[in-house]
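Enquirer: Sequence first, predicted model second:
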Amino acid sequence: MSLRCAPLMVWLSACYIGVSVSTAAGGGKPNIIFLLTDDQDVTADSLDFMPRLGQLLRREGTEFMNYFVSTGLCCPSRATIMKGQFCHNTKIFDNGDLNSAFNDTELSGGFQKYVALGLMNESTVGNVMHDAGYETKFCGKYLNGYDDKQASFIPPGWDHWQGMTDTAFYGPHFSINGELHKFNHSVYQTGYIRDIAIQFLQREQRQDKPFFMYLAPFAPHAPATPAKRHANMFNDMKAPRYDSFNPNDTIQSQKPSWLGRLPPLTDKQIDGIDNFYRNRLRSLQAVDEMLGNITATLEAEGLANNTYIFYMGDNGQHLGDYRLPGGKRQAYDTDIRVPFLVRGPGVPAGHKVYDVTQSVDLLPTWADLAGVDLGSSNSVDGETIMPLFNLSREAGTFRSVGLAEMYGGSSNMGAVYKALPDFWHNRFWNNTYQGVRVINGTGFAANANWLYVEWCTGEKEFYDAAADPRMILNKYSTLSDDMKTKLAALVHQMGSCVGDQCRAASKLQLSLHTVDVSTSTLQCHNPPNMTNEALKFYQPTFPFADSDIFLDPSFEGDDLFF
């Protein structure tokens, strides 16, 4: 089954037609560059302070306005990029927060679990593109837990490997094709990655094949150390004071679980947030320069007309929002809405896409450009975004539901919160949830702009982001019983879907057929030291997992909710 076509469902009448690679690339397969930043926000306006990105990607490319990562955390997000699967399918639930609490058969995430599960030996970005005839290069951050001790390990599929094993901004360490290199403190990490990328593009002995280059600087992740030449920029800037910033007790108490109990931020914390915000903007200047340098090199080498550039952040960042200091791991737009911009052959300039798109779409998109049929429709949970560059298509027909899921603790909050319940080793652990971001759906979700979240504590959140863009007013109690049932069915479908099921549910092509949501519970992921019992990761039950009804095009029940 080609993933250019939406799955055949009850009333689906047409499939999407992707941009022809031969037409878009002028014959032959196009080159692809993927530039992935770390913890870059949209909601705190970081893109507005990157002038080269503004010109090269916003004005000369296409910006995706509703692009969400499914898990707002580094390693699960990066595993999703590599595999094209949600984290409930990759089983990479966190950065390896609890690996030390178990034996090797019960790992929570990180590089260690990725290897233990053999995920690098299956269909990944490197394998797929290499097997499609691409020369593949990786330079930058790989997965959390890939450190100096792992430097000899080169994931399959990469012809040129420069995986970062120490993310220091000055004096980083890299595995260069399996050999550990420790650079001195005169070497700035982002500048090094830029130089490596340009050298690769300028090679005299270039292979007679297209290339796929994955670049992953650490910026603007904490500590967000800027290049010295940028250290005095933005001295008067402060983190945005939107309605979600350090809200009053009335607003904060509407948050569920441990969030609703957080005290107001102190002046010291706010000063730290502002300083962090300035350094984030400063550290992004070198990324912006790198983007400009790479684009100029593509032009000089005659490669620009046959090269796509994809720009993305692996997750967002909250900066004082909801009384949270810097961090991520929550379901709000601060944490899951990320930059995603594309330029290249056939990509319209100055265009904005408002359909819901997610990081599960990257691998099928790149496979589409490479002319690869991924085979089993369940090998990935997303689909190619290439149809979205067709200006004549009907807006809102690609996807209207995005998944948000987290299984584990909060970001590292610091010992200042140690007196609060559910706090252990600097984290709050009842932070497990599943949610859906619904935008411009059909039927009951027509004109929607919603966030709906179910927590392991049994608490629920609903925000109408059209009226409440900073997601501060929890309106769940005002919903009708029918609406609550439909949203619960949707989140349970998305939270355990695989392949075709994900693509169908995300388009609201599903039925409420005998879905009993009252019996579905989400378990909190408390460390065994807290609960004195072994941690068992929640694996939700998909209501139609053992039923042909879900994907049966002949089913025409009366309980469709679109």
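Expert: On my side now, so go ahead.
Enquirer: Helices along the stretch 101-250 of the chain, start to end?
Expert: 110-116, 125-131, 189-201, 249-252 (DSSP state H, counting those that start in this stretch).
Enquirer: State the distance from the most centrally placed residue in the chain to N426.
Expert: Per C-alpha atoms, centre = their mean, the C-alpha nearest to the average position across the chain is that of V69, at 2.8 Å. Separation of V69 from N426 (C-beta to C-beta, to the nearest Å): 23 Å. In short, each C-beta sits where N, CA and C put it, glycine included.
Enquirer: Equivalent analysis for F398, please.
Expert: Between F398 and N426 the distance is 40 Å, computed by C-beta to C-beta.
Enquirer: What of T478?
Expert: 36 Å.
Enquirer: So these two - more neighbours on which side?
Expert: Neighbour totals were compared for T478 and N426, and N426 leads with 15 against 10 (other C-beta atoms under 10 Å).
Enquirer: for the chain, what's the longest helix?
Expert: helix 267-300 (DSSP state H).
Enquirer: List the buried residues for that helix?
Expert: Applying a neighbour-count criterion of 16 or more other C-beta atoms under 10 Å, one finds 269-270, 273, 276-295, 297-298 buried in helix 267-300.
Enquirer: quick one: the strands in the stretch 1-150 of the chain?
Expert: With DSSP state E, counting those that start in this stretch as the criterion, the stretch 1-150 of the chain has strands at 31-37, 62-64, 67-68, 135-141.
Enquirer: Identify whichever of those lies nearest to P325.
Expert: P325 sits nearest to strand 31-37 of all those, at 20.3 Å, using C-beta to C-beta.
Enquirer: hang on, the earlier thing: quick check: the residue nearest to the centre of the chain touching N315?
Expert: Yes - counting by C-beta atoms under 8 Å, V69 does reach N315; the two are 5.2 Å apart.
Enquirer: Find the residues that touch each one of these two.
Expert: The contact sets of V69 and N315 overlap at S77, I336, V338 (C-beta atoms under 8 Å, 6 or more residues apart in numbering).
Enquirer: So which of those residues wins on neighbours?
Expert: Highest neighbour count within the shared contacts of V69 and N315: I336, with 32 neighbours (other C-beta under 10 Å).
Enquirer: quick one: that one from S77, how far?
Expert: Using C-beta to C-beta, I336 is found at 9 Å from S77.
Enquirer: Between the two, which contacts overlap?
Expert: By C-beta under 8 Å, 6+ apart, I336 and S77 have these common neighbours: V69, S70, N315.
Enquirer: which among those gets closest to G171?
Expert: N315 (25.3 Å).
Enquirer: State the pLDDT value of that closest one.
Expert: At N315, the predicted lDDT confidence score is 96.
Enquirer: Tell me, how many residues neighbour the residue nearest to it when sequence neighbours are not counted?
Expert: In this structure, N315 finds its nearest non-sequential neighbour in G72, 4.3 Å apart by C-beta to C-beta, 6 or more residues apart in numbering. Neighbourhood size, G72 [other C-beta under 10 Å]: 30.
Enquirer: got the contact list for G72?
Expert: Neighbour list for G72: N315, G316, K328, R329, Q330, A331, D335, I336, A404, M406 [criterion: C-beta under 8 Å, 6+ apart].
Enquirer: again, only using 7 Å
Expert: Listed by C-beta atoms under 7 Å, 6 or more residues apart in numbering, the contact set of G72 reads N315, G316, K328, R329, Q330, D335, I336.
Enquirer: any idea how far the third one lies from A222?
Expert: Okay, so that is K328. K328 is 11 Å from A222, where distance means C-beta to C-beta.
Enquirer: between those two, which one's more packed in?
Expert: K328 (26 against 17).
Enquirer: OK, contacts around that one?
Expert: Contacts of K328 by C-beta under 7 Å, 6+ apart are D39, G72, L73, N315, G316, Q317, H318, D335, S411.
Enquirer: Need the residues you listed in JSON lines (columns: distance to E459).
Expert: Output for the contacts of K328, formatted as JSON lines (distance: C-beta to C-beta, whole Å):
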{"residue": "D39", "distance to E459": "26"}
{"residue": "G72", "distance to E459": "19"}
{"residue": "L73", "distance to E459": "21"}
{"residue": "N315", "distance to E459": "23"}
{"residue": "G316", "distance to E459": "22"}
{"residue": "Q317", "distance to E459": "24"}
{"residue": "H318", "distance to E459": "19"}
{"residue": "D335", "distance to E459": "18"}
{"residue": "S411", "distance to E459": "19"}
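Enquirer: So which of these are in helices?
Expert: Per DSSP H, helices hold the following members of the contacts of K328: D335.
Enquirer: which residues of the stretch 351-500 of the chain fall in strands?
Expert: For the stretch 351-500 of the chain, the strands defined by DSSP E, counting those that start in this stretch cover 351-353, 357-358, 401-406, 423-424, 427-428, 433-439, 449-455, 460-464.
Enquirer: of all these, which lies closest to G140?
Expert: strand 357-358 (21.6 Å).
Enquirer: where's that closest one relative to the chain centroid, distance-wise?
Expert: 8 Å (C-alpha atoms, centre = their mean, to the nearest Å).
Enquirer: Quick one: mean pLDDT over it.
Expert: Mean pLDDT, strand 357-358: 96.
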